[in-house]
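Visitor: Here is a sequence together with a model predicted from it:
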Amino acid sequence: MTDLHPIFRRETPGGRWQTEVEVTNGIGLHARPSVTFTRLARSFPCAIEVAVDGSDEWLNGKSIVKIMGARIRRGARLKIRAEGFRAEEAIAALGELVRRNFDEDRKYGRPDGRPA
Amino acid sequence: MAAPMAAPRNLAGPRDYRGTAASPGRAVGPAWTVRERSAATVASPAGQTEERHALEAAVAQAADELRALSERSDADSAAILDLQIEMLLDDEMLAPVLARIAQGDSAALAWAGALDAYIDSFGDSPEDIFAVRSADLSDLKNRVLDALAGRGRTDFPEGAIYVGKDMPPSLFLAHDWSKGGGVALSSGSAIGHVSMLARARGVPMVIGLGPVAVEPGETILVDGAEGLARINPAGPAAEPATRSVPQRPAEPTDGAGAAHGAAVGLSVNINALSDLDLFDPAEVEGVGLARTEFLLPSPAEVLNEERHHDCYRRIIERLGGRPVTLRMLDLGGDKALPGLVAGGTGSFLGERGIRLLLARPELARLQARALMRVAAYGPVNVLLPMVTLPDELAAMRLLFEEEAARLDRLGMPHRMPPLGIMVEVPAVALTLDLFAEAAFFSVGTNDLMQYLSAAARDDTAAAHLTTGSETALFRLLDQACAAARALGKPISVCGDLAGDPHLARRLVEAGFRQLSVAPMRLGAVRAALLSRGPHIDAASA
């Protein structure tokens, strides 16, 4: 969690936190990893946003439509930021999820996540 | 001397209201009065709140169903279901739906419209693993539509007498009439669609009663032959013995059933799947007219391609190889669809039938796909309502061809059915020779009469003009029949006229050889066509 850091606005309860991770799983954020990601994101009360490969467009990290629509491939750099209650915890958990390859390798055999 | 005092209502004797007979039979039951809900309420903020709540409830229900399914499924199937659940919980996904509701759309229309736009934005890219599969989205769309269709459809108790200003056909169709009951309307028209449905189903109905003062639950008698509604009937009249529950039409016992007179083919009209139990498929030529707007009476059902498909398939399977003519949605006029089609008397001369389908092609495309898919199961003909010009037929044919190409791409089995047209606009009846592209013709006498006599079919005041214009109608029918014969195209009559034994014989005299009638009318019409009454002799003399 070395690259996890708070950013400004300490007045916001829970603060504002951001991390940057590289996507290293099979193909990237196809359906199943995206679902895993947005589900985890929605379990936190804070706002969560994602930007891909240095883009300044921040996407709603709780939206499956936005996350899948971003076509996040293997090798992409993902910035994740959160603001509000439990923001620090959310950023830690989501960053870890990406680093663990969304637990895909552990749970499923097929790399593309589509049904056999 | 004391002035005569009005008796308290509950002690009052029978009170009679005279109206117009719309569907014969007698029924007695507790009155069920309608809370009038004007069209304006639908568009009001209150209506929008209602629609938003309906959507939220349907989404929640769909998510619950999916969770239950997901728990029972293997990992791969669960992954697909989980994706669908995740989409239902996605605020970004619901935002455009809520925006449409705020603009006045019904929940069903808003949901279907937003999902369709979303599906189209993805295109169909089965190789793209970052794209949501359109099949998943359609599945999701239909699941929520199903949940919406199941919500609070206003029904009333079985066996009750419906008392109101008018009655929406969808309400009539959703009700279970097998336990009796009847309809008493203060307004309405004998050739309006609800009257037609009531006659087809054998439900006693009186119309044009004017305001009826009745408390909910008070006993009311409806005499559909006399045009009478009696509140607090006393004596034998009050006995609910003579419910005109749909009966199987009497079949001729002399073995002439299959021949049904000369070379006249008798088919049936279908308004609901339950109508399929009212006749023996072996005794009819086929289904001459299935009114799809009645088969799928709610916006949520009309927008659901799978509902269309399943519903048509059941008709085709029941008919076991006999031809089934499915008419595309004839909405507008007195056939409104809340939130989708406003309807109203004005639209009798405006956007209804094929005009509406071409103006709202998303509806037409969805139905065209369902029709072509079921055409693969058996002989299906498709009938286009309210055609006025040959251009409209050409435009619809093009739309069918485009959807056929889409089904090809999706690898779904389908067949292009013959496309025929309704003859119900006088301009068409006069120019059948211009419609050589039509595969067949079907005369809708109810609408043809209303347009011929310039007398709206939902207006009690003009009803006598419609019925009085038979001479004009038959002159026009003579001409249309001859024109169809010259083209070598089949022409049939599927309006109420054909269900009247006397008029059915006049139609046969005029040269018609195919009639399609309500299942309840089969027996009477067949008997009339078999008998050699004096009428035909006199008329042909």
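Guide: Sure thing, it's come through. Numbering: from 1, shown residues only, chains lettered A, B, ... in the order given.
Visitor: Is B:Leu209 in a helix, a strand, or coil?
Guide: coil (DSSP: H, G, I helix; E, B strand; the rest coil).
Visitor: Quickly note the distance from it to B:Pro157.
Guide: 21 Å (C-beta to C-beta, to the nearest Å). Bear in mind the C-beta positions are built from the backbone N, C-alpha and C, glycine included.
Visitor: I'd say B:Val206 and B:Pro24 touch.
Guide: No: counting by C-beta atoms under 8 Å, B:Val206 stays clear of B:Pro24, with 10.1 Å between them.
Visitor: Quickly list what's touching both of those two.
Guide: B:Gly224 (C-beta atoms under 8 Å, 6 or more residues apart in numbering or on different chains).
Visitor: Tell me which of these two has more neighbours.
Guide: A count of neighbours by other C-beta atoms under 10 Å in any protein chain shown puts B:Val206 above the other of B:Val206 and B:Pro24, at 32 against 16.
Visitor: so how far is the helix or strand encompassing the more buried one from its chain's centroid?
Guide: For B:Val206, the host element (DSSP states H and E) is strand B:205-207. Taking C-alpha atoms, centre = their mean, to the nearest Å, one finds the center of strand B:205-207 at 19 Å from the center of the full chain.
Visitor: which other helices and strands contact it?
Guide: strand B:20-23, strand B:182-185, helix B:193-201, strand B:219-223 (3 or more C-beta pairs under 8 Å, 6 or more residues apart in numbering or on different chains; DSSP states H and E).
Visitor: List the contacts of the next helix or strand along the chain from the first one.
Guide: If I follow you right, that is strand B:20-23. Next helix or strand after strand B:20-23 toward the C-terminus (DSSP H and E): strand B:26-33. For strand B:26-33, contacts defined as C-beta under 8 Å, 6+ apart pick out B:156-157, B:159-164, B:180-182, B:184, B:203-204, B:214-225, B:231, B:233, B:237-240, B:242-244.
Visitor: so where's chain A shaky on pLDDT?
Guide: Scanning chain A with the threshold set as pLDDT under 70 gives A:1-12, A:105-116.
Visitor: Give me the residue at the spatial middle of it.
Guide: Nearest residue to the geometric centre of chain A (C-alpha atoms, centre = their mean): A:Leu94, 4.9 Å.
Visitor: Test my guess that that residue contacts A:Glu49.
Guide: No: counting by C-beta under 8 Å, no contact exists between A:Leu94 and A:Glu49, whose distance comes to 10.9 Å.
Visitor: any residues in contact with both of those two?
Guide: Here A:Leu94 and A:Glu49 have A:Gly61, A:Ile80, A:Ala82 as joint contacts, going by C-beta under 8 Å, 6+ apart.
Visitor: so the second one touches A:Val50, yeah?
Guide: Yes: at 5.5 Å, A:Ile80 counts as touching A:Val50 under the criterion of C-beta under 8 Å.
Visitor: if we can go back for a sec, between the shared contacts of A:Leu94 and A:Glu49, identify the one with the most neighbours.
Guide: Among these, A:Ala82 has more neighbours than the rest - 28 neighbours, counting by other C-beta under 10 Å.
Visitor: touching chain B at all, the helix or strand where that residue lies?
Guide: Element membership for A:Ala82, per DSSP H and E: strand A:77-83. No: contact of strand A:77-83 with chain B (C-beta under 8 Å from any C-beta of the partner chain) is absent, the minimum separation being 14.7 Å.
Visitor: contacts for that strand?
Guide: Outside of strand A:77-83, the residues within contact range by C-beta under 8 Å, 6+ apart are A:7, A:9, A:12, A:14-23, A:44, A:46-54, A:58, A:61, A:72, A:88, A:90-91, A:94-95, A:98.
Visitor: near chain B, which of those residues show up?
Guide: Among the contacts of strand A:77-83, chain B is touched by none when using C-beta under 8 Å from any C-beta.
Visitor: ok, of those, which come out buried?
Guide: Using 16 or more other C-beta atoms under 10 Å in any protein chain shown as the burial test, the contacts of strand A:77-83 include A:14-21, A:23, A:44, A:46-52, A:58, A:61, A:72, A:88, A:90-91, A:94-95, A:98 as buried.
Visitor: who touches the nearest residue to A:Asn101 once chain neighbours are set aside in this structure?
Guide: Spatial nearest neighbour of A:Asn101, excluding adjacent residues (C-beta to C-beta, 6 or more residues apart in numbering or on different chains): A:Asn25 at 3.5 Å. Contacts for A:Asn25 were tallied using C-beta under 8 Å, 6+ apart; they are A:Pro33, A:Arg74, A:Asn101, A:Phe102, A:Glu104, A:Asp105.
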